[in-house]
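Undergrad: Sharing a model that was predicted from the sequence below.
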Amino acid sequence: MGRITFYEDRSFQGRCYECSSDCPNLQTYFSSCNSIRVDSGSWMLYERPNYQGNQYLLRCREYPDYQQWMDLSDSISSCLLIPQHSGTYRMKIYERDKFKGQMSEVTDNCLSLQDRFQLNVIQSLNVLEGCWVLYEMPIMDFY
């Protein structure tokens with residue numbers, strides 16, 4: 001179970017809304033979000049309702065200013081709690097859409113799928129076990 005609290009003002013001030021499950025539309029609870037406290041779980045936040053728009057992964061910690069998790073906008077309109085998974089992780093990535101082209105299986109964290117598997121592009125994937133977060137660009141560090 002997760003718990004996240006959204007605050008309209010920086011430094012955990014102003015009107016707040018506490019959430020413990022997925023929410024497709026946060027706009028009824030606050031007009032802007034300038035700080036967040038993640039008490040438990042990992043959360044994917046979206047700029048638009050119904051899990052649309054830019055997304056931001058937040059882990060358990062305090063974020064006293066929106067610029068610590070996003071670029072220029074203080075708009076958060078939906079959120080998903082990322083399920084905890086204690087088993088194995090497996091997914092198949094494909095070079096082309098509809099699960100065609102070169103296929104590779106991924107079973108652990110990877111800084112760059114393109115570099116590890118010598119793929120120029122990934123057009124489709126099939127999650128077999130676990131919960132995965134993929135990024136458009138390689139990331140510098142997992143931890």
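TA: Great, that's in hand.

Undergrad: going forward, measure contacts between C-alpha atoms and count neighbours the same way
TA: Fine.

Undergrad: any idea what sits nearest Leu125, other than its immediate chain neighbours?
TA: Ile93 (4.3 Å; Cα to Cα, 6 or more residues apart in numbering).

Undergrad: what do you get for Gly53?
TA: Nearest one to Gly53, counting by Cα to Cα, 6+ apart, is Glu47 at 5.4 Å.

Undergrad: I'd like to know how far that neighbour sits from Gly130.
TA: Distance, Glu47 to Gly130, by Cα to Cα, to the nearest Å: 25 Å.

Undergrad: hang on, the earlier thing: tally up the residues packed near the residue nearest to Gly53, please.
TA: Neighbours of Glu47 under the rule other Cα atoms under 10 Å: 19.

Undergrad: And for Thr88?
TA: Neighbours of Thr88 (other Cα under 10 Å): 11.

Undergrad: domain ranges for this structure?
TA: 3-82, 85-142 (the TED database).

Undergrad: related to what we said a few turns ago, and the residue nearest to Leu125, bridged to which residues?
TA: Counting by DSSP bridges, Ile93 is bridged to Ser104, Leu125.

Undergrad: I figured it hits Gly101, correct?
TA: No - using Cα atoms under 8 Å, Ile93 is not in contact with Gly101, being 9.6 Å away.

Undergrad: looking at the chain, which helix or strand does the model trust least?
TA: Ranked by mean pLDDT, DSSP states H and E, the weakest helix or strand in the chain is helix 113-117, scoring a mean of 86.
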